[in-house]
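Student: Generate a structure from the sequence data that follows.
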Amino acid sequence: METIPHYINGTRVTDAERFGPVFNPATGEQEKQVVLASAARTEEAIAAARAALPAWRATSLAKRTTIFFKVREILNQRKSELAAVLTSEHGKVLSDAEGEIARGLENIDFATGLSHMLKGERSEQVSSGIDVHSVRQPVGVVACITPFNFPAMVPLWMIGSALACGNTVLLKPSEKDPSAAVFIAEAFTEAGLPPGVLNVVQGDKETVDVLLEHPDVKAVSFVGSTPVAQSIYKRAAEHGKRVQALGGAKNHMVVLPDADLDMAADAAVSAAYGSAGERCMAVSVLVAVGNIADDLVKAISTRMADLAIGPGTDPASQMGPLITAEHRDRVASYVAGAEAEGATLVVDGRSQQFDSNGFFIGVSLVDHVKPGMKVYDDEIFGPVLSVVRVDTYSDAVRLVNDNEFGNGTAIFTRDGGAARQFEFDVEAGMVGVNVPIPVPVGTFSFGGWKNSLFGDTHMYGPDSIRFYTRGKVVTTRWPDPSTSVIDLGFPQVD
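Tutor: Below you'll find the predicted structure:
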């Protein structure tokens, strides 16, 4: 059985006292095992990152830029190979896997502009003979703790800016699909990144505990569920670390009566069921305003019947399995309990049968959902779309704003005034107008509001530069130039 290693100081490390299973979600079979770091192994990786920091910080911006251009070329050339790794461990279809890699590489593109991003400011003669300038310098060793749902994209979100800013990195991927992290780290090494600058530490809570508490780790970036994000934010901050912790979501898609019905229905299906709903920007609540609800529910349910679910390696598949059997059963429990809470089960994904032992479930559509029902209140993280019916635009905005999460939201309408007002009114970090999954491009920053984000900076883009650097302001005064031993052309005073 293949063993997925750590990658520490430029070397694969496979010896361990503990191992974790890695399944192929499409077959339900364990095909690999991953080493799980002890506290001592984690400290070894931290030491490697700390030792590599002075030389990497001193590396010129031009040299760093060259490495980023090279790693982008390597990952583009090997994109199909990396996509196959993602599909084998996560289960998502190959087209989704390749799309994930492309979105991750946007952040490598952004990192190639580091010479511009790291520029400081300067003011001369703020007082007689006194100038002031500012610089941005790396925070040091940083830990990047990433989730299972995007095992290539989210690491690239974090490590691109972290490395560009001159930090060294400890990447702790999910133990459910850990191979992509090693693949990416080795690509960086091939591109010329020195040993110890990017390390991959495989592990579980034992590893995370060390990263949160070790004094040499200066910053922690995390993506995961809200309870864990909140815990990590608190614990890391208590140990004096800079923290950004992205949590859960319950993304609402508001459809006004004037919306293009076909556009809205197509968007709802792709946004709710793409990647089996296992993404923090998935649409999980459809808010139907006014009299569009019946037609919209019918259009969505019709499209659901044509959705092909199967192994991610099958080109015909549009949706793959869930990550584990336990998660599949958890998702099914929300569907099972919806009717008992008073909702209407339009399409029951539990009824679909599959010729496989994989972690498959069909897609579900639940109508007449209301706040207070578990299917509405909880982050399900699976292919379940809830429909909430409201009478007015104001009711829709109130529903979105009353929710504890504020990750992303969208509005579908033909009315520019309504769209502009929604942008003004809604309390969420990312807003789409006729775009169901408004993930920003790499030159902007990704992040939500409320219980979707703990910390004050968003992920990647300009905010990431602020997170992975510290500002330093320098005030200078030199001796009176007229007293210089060098002739500067000043008139001589008798």
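Student: just so I have it, where are all the strands in the stretch 151-300 of the chain?
Tutor: In the stretch 151-300 of the chain, the segments counted as strands under DSSP state E, counting those that start in this stretch are 168-172, 198-200, 217-223, 242-246, 251-255, 283-289.
Student: Would you mind giving these as a markdown table with distance to Gly429 added?
Tutor: Any C-beta I mention is one placed from the backbone N, CA and C, and that applies to glycine too. Rendered in a markdown table, the data for the strands of the stretch 151-300 of the chain read as follows (distance: least, C-beta to C-beta, whole Å):
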| stretch | distance to Gly429 |
| --- | --- |
| strand 168-172 | 24 |
| strand 198-200 | 28 |
| strand 217-223 | 14 |
| strand 242-246 | 10 |
| strand 251-255 | 11 |
| strand 283-289 | 15 |
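Student: For Gly372, see how far away the residue nearest the centre of the chain is.
Tutor: Among the residues of the chain, the one closest to the centroid is Val154, at 4.2 Å (C-alpha atoms, centre = their mean). Separation of Val154 from Gly372 (C-beta to C-beta, to the nearest Å) stands at 32 Å.
Student: Could you break this protein into its assigned domains?
Tutor: Here the domain parsing of the chain from automatic domain parsing is 2-247+452-475, 251-433.
Student: returning to what we had before: so which of the strands of the stretch 151-300 of the chain gets nearest Thr146?
Tutor: Nearest to Thr146, of all these, is strand 217-223, at 6.0 Å by C-beta to C-beta.
Student: Give the rounded mean pLDDT of that closest one.
Tutor: Across strand 217-223, the average pLDDT comes to 98.
Student: All the helices of the stretch 51-200 of the chain, residue numbers only.
Tutor: 61-77, 79-90, 94-111, 114-117, 153-164, 179-190 (DSSP state H, counting those that start in this stretch).
Student: Out of those helices, which is closest to Glu427?
Tutor: Each of the helices of the stretch 51-200 of the chain has some distance to Glu427 by C-beta to C-beta; the shortest is helix 153-164, at 23.6 Å.
Student: for that closest one, packing partners?
Tutor: The helices and strands touching helix 153-164, judged by 3 or more C-beta pairs under 8 Å, 6 or more residues apart in numbering; DSSP states H and E, are helix 61-77, helix 94-111, strand 141-145, strand 168-172, helix 179-190, strand 217-223, helix 461-467.
Student: any idea how far Arg235 lies from Asp456?
Tutor: 17 Å.
Student: repeat for Ile74
Tutor: In terms of C-beta to C-beta, Ile74 sits 34 Å off from Asp456.
Student: So for the two, which residue has more residues nearby?
Tutor: A count of neighbours by other C-beta atoms under 10 Å puts Ile74 above the other of Ile74 and Asp456, at 17 against 12.
Student: if I look at that one, how far off is Leu212?
Tutor: Per C-beta to C-beta, Ile74 is found 32 Å from Leu212.
Student: got it, and Gly196?
Tutor: 21 Å.
Student: Just list what the helix or strand bottoming out on mean pLDDT in the chain packs against, helices and strands only.
Tutor: Within the chain, no helix or strand scores below helix 114-117, which has a mean of 90 by mean pLDDT, DSSP states H and E. In this structure, helix 114-117 makes packing contacts with helix 61-77, judged by 3+ C-beta pairs under 8 Å, 6+ apart.
Student: packing partners for the helix it packs on?
Tutor: Against helix 61-77 (3+ C-beta pairs under 8 Å, 6+ apart) you get helix 94-111, helix 114-117, helix 153-164, helix 179-190.
Student: Show me the shaky parts of the stretch 351-494 of the chain.
Tutor: Scanning the stretch 351-494 of the chain for pLDDT under 70 picks out 484-485, 488-494.
Student: Do a quick rundown of the helices in it.
Tutor: Going by DSSP H, counting those that start in this stretch, the stretch 351-494 of the chain shows helices at 374-377, 393-402, 416-425, 461-467.
Student: From the contact counts, what lies against the first one?
Tutor: If I follow you right, that is helix 374-377. helix 325-338, strand 384-390.
Student: List of residues touching the following helix or strand past the first one?
Tutor: Counting by DSSP states H and E, the next helix or strand C-terminal to helix 325-338 is strand 344-347. Under the contact criterion C-beta atoms under 8 Å, 6 or more residues apart in numbering, strand 344-347 has outside partners 297, 301, 304, 335, 338-339, 362-368, 387.
Student: ok, strand 344-347: who's next to it in the sheet?
Tutor: Using DSSP bridges, the strands paired with strand 344-347 are strand 364-367 (antiparallel).
Student: Return the partner strand as CSV; C-alpha atoms alone will do.
Tutor: Output of strand 364-367 as CSV, limited to C-alpha atoms (Å, rounded to 0.1, in the frame of the first residue of the first chain):
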residue,chain,number,x,y,z
SER,A,364,-31.9,16.6,-2.9
LEU,A,365,-34.2,19.5,-3.2
VAL,A,366,-36.2,20.6,-0.2
ASP,A,367,-39.0,23.2,-0.5
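Student: gap between that strand and the chain center?
Tutor: 27 Å (C-alpha atoms, centre = their mean, to the nearest Å).
Student: Same question for stretch 148-156.
Tutor: With C-alpha atoms, centre = their mean, you get 7 Å for stretch 148-156.
Student: First-to-last residue distance for that stretch?
Tutor: For stretch 148-156, the separation between the terminal residues is 14 Å (C-alpha to C-alpha, to the nearest Å).
Student: same question, stretch 229-246
Tutor: 6 Å.
Student: Would you mind listing the outside residues contacting that stretch?
Tutor: 139, 145, 208, 212-213, 215, 217-224, 247-248, 280, 447-448, 451-455, 457-459, 467.
Student: Count the residues that sit near Pro5.
Tutor: Burial of Pro5 is recorded as 19 neighbouring residues (other C-beta under 10 Å).
Student: what's the distance between it and Val35?
Tutor: 6 Å.
Student: Mind listing the shared neighbours of those two?
Tutor: If you check Pro5 and Val35 against C-beta under 8 Å, 6+ apart, the residues they both contact are 13-14, 202.
Student: Now do stretch 67-87: distance to the chain's middle.
Tutor: 18 Å.
Student: Check stretch 100-118 too.
Tutor: For stretch 100-118, the distance from its own C-alpha centre to the chain's C-alpha centre is 14 Å (C-alpha atoms, centre = their mean).
Student: List the buried residues for that stretch?
Tutor: 100-101, 103-108, 110-112, 114, 117-118 (16 or more other C-beta atoms under 10 Å).
Student: And stretch 453-467, by the same measure?
Tutor: Buried-residue list, stretch 453-467, by 16+ other C-beta under 10 Å: 453-455, 457-461, 463-467.
Student: just checking, Phe188 touches Leu198?
Tutor: Yes - between Phe188 and Leu198 a contact is recorded at 5.3 Å, counting by C-beta atoms under 8 Å.
Student: Looking at these two, which is more packed in?
Tutor: Neighbour count, other C-beta under 10 Å: between Phe188 and Leu198, Leu198 has more, with 29 against 24.
Student: Against Ala187, how distant is the more buried one?
Tutor: Distance from Leu198 to Ala187, by C-beta to C-beta: 10 Å.
Student: what does Tyr7 give?
Tutor: The gap separating Tyr7 from Ala187 is 11 Å, by C-beta to C-beta.
Student: what about the two, which has more around it?
Tutor: Tyr7 (25 against 20).
Student: before we move on, what SS does that one have?
Tutor: On the three-state scheme (DSSP: H, G, I helix; E, B strand; the rest coil), Tyr7 is labelled strand.
Student: Now for the closest residue in space to it that isn't next to it in sequence, how many residues are close by?
Tutor: Excluding the flanking residues, the one nearest Tyr7 by C-beta to C-beta, 6 or more residues apart in numbering is Val200, at 4.0 Å. Look at Val200: counted by other C-beta under 10 Å, it has 29 neighbours.
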